[in-house]
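J.: no sequence for this one, just the structure:
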């Protein structure tokens, strides 16, 4: 076929709701995240990643280098952002297909929630890796969709899951939650067929005995388990092979070196389970992300209530009470959801569980929208129910957009404060008697809050948004070197941290002032010591 024929066939096979989902997610994402797309604002990790080949196999991310290679290994916010939002738009379309959202309002708001959720803003703070992470999220959604749409879909689904984890393991929960949603929908359809009058369902489609058709759905439901087991096994096998080829071992970072099937057992498993459920409740109710003010709290409550009422309508209209086994499945799923949402805590109990790893919480809001969209009856009550869900989800999208932009505003201010601080510091360094280009410099990275008290006014909003809060971008001596080099055009010979282990014990260093004090910079035995905070070990 010619290119024109291929494009025409593709266009004819793309459903209307897929187009709406992609375009909503992409263009709303552009509008919300434009401040960071049009700026070059690094955070502390971004300073080290202005050019970074993303070879993070020691963190288990063996496919990240390939995933981020499309945009080059330079930090190019606009290009990376466009690619990332494109991948996210495909994920939004796949989500709509997976959750069977057909009504335009539900497609728009489900995709809007995906584009606005604050976890995405935190990911944009690490923009140098955003395109790879969004590709991982897209693959996680496609993994589940393959299982749902194809008889042997667990095979390509397992490959998608393996490569998703090879980019970033944090989206494993995304796939697991969606698998539970898909299984619930599978059994609900089975219950529909059992409850239908005899003339509306072929005899071969009817179950034998109570719950017969539901049990017939079990082999199909197990395909999601096959996908997960095969995908995790493929990921782990490729990881071990590449580690051997490169002669490397897993790093201690985020406890990834504890990645093995027997890492948690016995009493440790029970303790880990308790931590997972407690963390789920704590983040949901007090995480300062799902809701931050009266508007978002009301919206969350109304959306949850709307979903609950829609479920009751479904029970009555489709006579689910005739299939008590369905309620057992729903109960088991409700107990399993907090577990799979926090599965990372079982894999790596010592992980620093920050917002980048909590994107999966948005699926509960999107799932509520899908439930109302598909479960509300075509009556006056159903219309009111849809309006309630539409308005509450719309308020959430707006509130999340405001949160994102508050965070971006503070990120810009952090850069400006860091720039001003480094200009003053560099001037003092160059004016110090005995300074010469290339002199060894010993300094720590933290900026003392005695001379520079905290001025971040966004903490009530950004307290849990990693990479966004705080006043300054500098945490290590090497951060100064990179910032001064790339933004001030000077070169400092900052000593590595291991060369300064005894620096805090020196009497002369302890007696020094903190910058910008008059005695905050000294040259001792040919080394320039700079004291940035008044704290000793």
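T.: Thanks, I have it. These numbers come from a predicted model, not from an experiment. Residues are numbered from 1 along each chain as shown.
J.: where do the helices sit along the stretch 1-150 of the chain?
T.: Ranges of helices in the stretch 1-150 of the chain, per DSSP state H, counting those that start in this stretch, are 3-13, 16-37, 64-67, 77-98, 104-116, 118-125, 130-149.
J.: buried residues in the last one, which are they?
T.: Neighbour-count burial for helix 130-149, with 16 or more other CB atoms under 10 Å as criterion, is recorded at 130-148. Any C-beta I mention is one placed from the backbone N, CA and C, and that applies to glycine too.
J.: out of the helices of the stretch 1-150 of the chain, flag the one nearest residue 353.
T.: helix 118-125 (12.0 Å; CB to CB).
J.: what's in contact with that closest one?
T.: Residues outside helix 118-125 that contact it (CB atoms under 8 Å, 6 or more residues apart in numbering): 29, 33, 36-37, 43, 46, 81, 88, 114, 130, 133-134, 289, 354-356, 358-359, 361-362, 400, 403-404, 407-408, 411, 465-468.
J.: equivalent analysis for stretch 302-320, please.
T.: 188, 191-192, 195, 321, 326-327, 365, 367-369, 371-372, 374-377, 381-382, 385, 388-389, 391-393, 396.
J.: in helices, which of those residues fall?
T.: Judged by DSSP state H, helices contain the following of the contacts of stretch 302-320: 188, 191-192, 195, 326-327, 365, 367-369, 371-372, 374-375, 381-382, 385, 388-389, 391-393, 396.
J.: quick one: contacts for residue 43?
T.: By CB under 8 Å, 6+ apart, residue 43 lies in contact with 125-126, 411, 414, 467-468, 473.
J.: residue 373: neighbour count?
T.: Residue 373 has 25 neighbouring residues, counting by other CB atoms under 10 Å.
J.: can you check the one 10 residues further on too?
T.: By the other CB under 10 Å criterion, the neighbourhood of residue 383 contains 12 residues.
J.: so what's it closest to, chain neighbours aside?
T.: Spatial nearest neighbour of residue 383, chain neighbours left out: residue 376 (7.7 Å); criterion: CB to CB, 6 or more residues apart in numbering.
J.: next one: residue 466
T.: Using CB to CB, 6+ apart, the nearest residue to residue 466 is residue 354, at 4.0 Å.
J.: which residues does the one you found contact?
T.: Here residue 354 is in contact with 122, 464, 466 (CB under 8 Å, 6+ apart).
J.: list only buried entries from the contacts of stretch 302-320.
T.: 188, 191-192, 195, 326, 365, 367-369, 371-372, 374-376, 382, 385, 388-389, 392-393, 396.
J.: any idea which helix or strand in the protein has the lowest mean pLDDT?
T.: None of the helices or strands of the chain scores lower by mean pLDDT, DSSP states H and E than helix 212-216, at a mean of 66.
J.: quick revisit: okay, the helices of the stretch 1-150 of the chain in TSV with distance to residue 521 next?
T.: Shown next, in TSV, are those (distance: least, CB to CB, whole Å):
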stretch	distance to residue 521
helix 3-13	64
helix 16-37	35
helix 64-67	40
helix 77-98	35
helix 104-116	46
helix 118-125	32
helix 130-149	38
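J.: based on its surroundings, how many neighbours for residue 485?
T.: Neighbours around residue 485, by other CB under 10 Å: 14.
J.: same check, this time on the one 5 residues further on
T.: Burial measure for residue 490: 13 neighbouring residues, criterion other CB under 10 Å.
J.: quick check: nearest residue in space to it, chain neighbours excluded?
T.: The spatial neighbour of residue 490 that comes closest, neighbours along the chain excluded (CB to CB, 6+ apart), is residue 484 at 5.2 Å.
J.: likewise residue 527?
T.: residue 440 is the one closest to residue 527 (CB to CB, 6+ apart), at 4.8 Å.
J.: before we move on, back to that, just the pLDDT for the residue nearest to residue 466.
T.: With respect to pLDDT, residue 354 has a value of 89.
J.: secondary structure and neighbour count for the contacts of residue 43 - can I get that in CSV?
T.: Below are the contacts of residue 43 laid out as CSV (DSSP: H, G, I helix; E, B strand; the rest coil; neighbours: other CB atoms under 10 Å):
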residue, secondary structure, neighbour count
125, helix, 24
126, coil, 18
411, helix, 26
414, helix, 24
467, coil, 25
468, coil, 27
473, coil, 27
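J.: any idea how far residue 398 is from the closest residue in space to residue 394 that isn't next to it in sequence?
T.: Closest residue to residue 394 apart from its sequence neighbours, by CB to CB, 6+ apart: residue 109 at 6.2 Å. The gap separating residue 109 from residue 398 is 11 Å, by CB to CB, to the nearest Å.
J.: neighbour count: those two, which is higher?
T.: Of the pair residue 109 and residue 398, residue 109 is the one with more neighbours under other CB under 10 Å, namely 26 against 16.
J.: can you name the residues that contact the more buried one?
T.: Contacts of residue 109 by CB under 8 Å, 6+ apart are 369, 389-390, 393-394, 397.
J.: what about stretch 348-360, start to end distance?
T.: 17 Å (CA to CA, to the nearest Å).
J.: mind listing what's buried along it?
T.: By 16+ other CB under 10 Å, the buried positions in stretch 348-360 come out as 348-349, 351, 353, 355-360.
J.: so residue 220 makes contact with residue 185?
T.: No. In this structure, residue 220 is not within contact of residue 185 by CB atoms under 8 Å, at 11.3 Å.
J.: circling back to that earlier point, from the buried residues of stretch 348-360, which is closest to residue 333?
T.: After measuring the buried residues of stretch 348-360 against residue 333 - CB to CB - the closest member comes out as residue 360, at 15.0 Å.
J.: for the closest one, give me the pLDDT.
T.: Residue 360 carries a pLDDT value of 96.
J.: just checking, it touches residue 341?
T.: Yes. Judged on CB under 8 Å, residue 360 makes contact with residue 341 at a distance of 5.7 Å.
J.: distance of residue 446 relative to residue 473?
T.: Plainly put, residue 446 is 12 Å away from residue 473 if you go by CB to CB.
J.: quick revisit: now rank the contacts of residue 354 by neighbours and give me the top one.
T.: residue 122 (25 neighbours).
J.: on that earlier part again, out of the contacts of residue 43, which comes closest to residue 281?
T.: Set against residue 281, the nearest of those by CB to CB is residue 468 (24.1 Å).
J.: out of everything not next to it in sequence, what's closest to the closest one?
T.: Residue 468 sits nearest to residue 407 (CB to CB, 6+ apart), 4.0 Å away.
J.: which strand or helix spans the one you found?
T.: Assigned by DSSP states H and E, residue 407 belongs to helix 380-431.
J.: between the strand or helix carrying residue 245 and helix 130-149, how big is the angle?
T.: Residue 245 belongs to helix 218-246 when assigned by DSSP H and E. Angle, helix 218-246 to helix 130-149, by axes from the mean of the first three to the mean of the last three CA atoms, to 10 degrees: 150 degrees.
J.: next SSE after helix 218-246?
T.: Sequence-wise, the next helix or strand downstream of helix 218-246 (DSSP H and E) is helix 267-286.
J.: and that next one, what's buried?
T.: Applying a neighbour-count criterion of 16+ other CB under 10 Å, one finds 272-273, 276, 279-280, 283-284 buried in helix 267-286.
J.: ok, the residues you listed vs residue 456, which is closest?
T.: So of these, ranked by how close each gets to residue 456 (CB to CB), first place is residue 283, at 21.7 Å.
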